[in-house]
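S.K.: Return atomic coordinates for the entry below.
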Amino acid sequence: MAYTLDALASDMKKVLSQGQTPAQLEQTRQLVEKALQDAEFVKTNLGDDAEGERNIVYEDPDLGFCILTHVYKGAKTGNPHDHGPSWAIYGQAYGETRMTEYDIVEPPQGDKPGKVKERETYKMVPGDARVYQVGDVHCPHRDGETRLIRIEGMNMNGVKRTPLVPA
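M.R.: Numbers count the residues shown, from 1 in each chain. Alright, predicted model coming up:
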C-alpha cells in the first residue's frame, strides 16, 4: 500500500506534537525519506503533472507546520538563506541539488546584510532528506529540472528574512 500525503502529515503530527527538538526533527526527516522511497507517493505528489516552484500541499491547523512541493523546470541557484524563525527539511524527489551550507561571519545590522562563509557542499539525490535547524544557512544550486518536498515548521509566506551575502 502506498504512503499517502495524509499519512505523512498524520505521522509528522504525531512526532512533532511531542516537541520540535533535534530528535523529533530527525524522526520527521526519516518520515520524509520514507515518503521519497515510495514511488507511488512521488508520482502522486511530484509526478509529471506537478508544477509550481512553491506549493503548500498541507498546513497543520494545530502545530502550524507545512508540507510543500517544489518543481524547478530548469537550472536555478538560490541565495544563501535561513528560514527565519523556522526549521526546514528538504527532501529530494527528482534530479540533483548541490547544497552549500554556510557559517555567519558577520551578523546583519539594520539594513546591512549579514556575511556568510562556505562551510561544506554536498549533493542531494532522489531519496535524500536533510534537516536545517533554525538559523542554519544554506543555498541550493540546481543544474536542471528538480522536484522536492520541503517541510517548514510554520507557514513562511510573508515572513521577513534577513538578507545574507557571501563574505
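S.K.: Buried residues, stretch 74-86. List them.
M.R.: Residues of stretch 74-86 classed as buried: 80-84, 86 (neighbour count, 16 or more other Cβ atoms under 10 Å). Where C-beta positions appear, they are placed from N, C-alpha and C, glycine not excepted.
S.K.: got it, and stretch 103-122?
M.R.: Going by neighbour count (16+ other Cβ under 10 Å), the buried part of stretch 103-122 is 104, 114-116.
S.K.: In strands, which of the residues you listed fall?
M.R.: Mapping the buried residues of stretch 103-122 onto strands (DSSP state E) picks out 104, 114-116.
S.K.: Reformat these as a markdown table; add distance to Asn157 and pLDDT.
M.R.: As requested, these are exported to a markdown table (distance: Cβ to Cβ, whole Å; pLDDT from 0 to 100):
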| residue | distance to Asn157 | pLDDT |
| --- | --- | --- |
| Ile104 | 24 | 95 |
| Gly114 | 22 | 93 |
| Lys115 | 27 | 96 |
| Val116 | 24 | 97 |
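S.K.: other SSEs contacting the helix or strand of the chain with the lowest mean pLDDT?
M.R.: Taking mean pLDDT, DSSP states H and E as the measure, the helix or strand of the chain with the lowest value is strand 76-77, at a mean of 90. Secondary-structure packing of strand 76-77 (3 or more Cβ pairs under 8 Å, 6 or more residues apart in numbering; DSSP states H and E): strand 137-142.
S.K.: and the strand it packs on, what does it pack onto?
M.R.: In terms of contacts (3+ Cβ pairs under 8 Å, 6+ apart), strand 137-142 is packed against strand 76-77, strand 97-106.
S.K.: Strand partners (parallel or antiparallel) of the longest one?
M.R.: What that stands for is strand 97-106. strand 114-124 (antiparallel), strand 137-142 (antiparallel) (DSSP bridges).
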